[in-house]
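Enquirer: Using only what follows, build the 3D model:
(2 chains)
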Amino acid sequence: AQKITQTQPGMFVQEKEAVTLDCTYDTSDPSYGLFWYKQPSSGEMIFLIYQGSYDQQNATEGRYSLNFQKARKSANLVISASQLGDSAMYFCAMKEDAGGTSYGKLTFGQGTILTVHP
Amino acid sequence: GAGVSQSPSNKVTEKGKDVELRCDPISGHTALYWYRQSLGQGLEFLIYFQGNSAPDKSGLPSDRFSAERTGGSVSTLTIQRTQQEDSAVYLCASSLWAGLNTEAFFGQGTRLTVV
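Expert: Residues are numbered from 1 along each chain as shown, chains lettered A, B, ... in the order given. All right, here's what the predicted structure looks like:
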């Protein structure tokens, strides 16, 4: 079974508008962390935002926020005021604690390609 | 350098040859990971090193793949008898430690093409 599912292969958004990229996850571990990474066409992976399973509030980092719905096992990324430079592939990823023996291994979804139109 | 450095950036090799990919993690980072990204796909975990502990090799796809990390720093991923299906971008990442909330910093990757 897929641990991380990103159901949107591609998304389009108008510059200056907000966009939500979907991510659902599957784990029985009560302790886990969720990450979003951005991969521009140049190929590097850029960390955007982190949400811990025990965090009470949704994470925010500048224009990025994470809509964390624990019961639904979803961790959607919201990008506000989209910019042309936001065009990239976006990956949702998860680390599981594995009973306190976490090796920090990230499991990635298949990614969503975001295109921002002027 | 300040970031994770990988070399070579591109490698074209003939089927059946061995290749070595190198990763220089960020200084002081104890955790080092190798991932593989096939065209248009997500990242596939290969192997993980944490300090002096035995590596987690659970993601290596076959015994043709091996990796080592010398002196807790530089890592080399070796693919023996390369096959066309090995063609992919190999990404290395490091993090300060292997904690749940520690972000991993990625290198630019090595694009391997097996012809």
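
Enquirer: residues from chain B in reach of chain A?
Expert: Residues of chain B that fall close to chain A, judged by CB under 8 Å from any CB of the partner chain: B:31, B:33, B:35, B:41-45, B:48, B:50, B:56, B:89, B:91, B:93, B:95, B:97-109. The C-beta positions use only the backbone N, C-alpha and C, and glycine is treated the same way.

Enquirer: Need the pLDDT of residue B:99.
Expert: Predicted confidence (pLDDT) for residue B:99: 81.

Enquirer: That one: neighbour count?
Expert: Residue B:99 has 14 neighbours, counted by other CB atoms under 10 Å in any protein chain shown.

Enquirer: do the same with the one 4 residues further on
Expert: A count of neighbours around residue B:103, defined by other CB under 10 Å, yields 18.

Enquirer: closest point of chain B to chain A, which residue?
Expert: residue B:98 (3.3 Å; CB to the nearest CB).

Enquirer: Nearest residue to that residue in space, please, no chain neighbours.
Expert: residue A:104 (3.3 Å; CB to CB, 6 or more residues apart in numbering or on different chains).

Enquirer: what about residue B:104, neighbour count?
Expert: 26.

Enquirer: Residue A:35 versus the residue nearest to residue B:98, what's the distance?
Expert: Remark: distance between residue A:104 and residue A:35 (CB to CB, to the nearest Å) = 11 Å.

Enquirer: Give me the buried subset of the residues of chain B next to chain A.
Expert: Among the residues of chain B next to chain A, the ones that count as buried by 16 or more other CB atoms under 10 Å in any protein chain shown are B:31, B:33, B:35, B:42-45, B:48, B:50, B:56, B:89, B:91, B:93, B:95, B:98, B:100, B:102-109.

Enquirer: so who does residue B:52 touch?
Expert: residue B:72 (CB atoms under 8 Å, 6 or more residues apart in numbering or on different chains).

Enquirer: ditto for the one 5 residues further on
Expert: If a contact means CB under 8 Å, 6+ apart, then residue B:57 has B:47, B:67 as its contacts.
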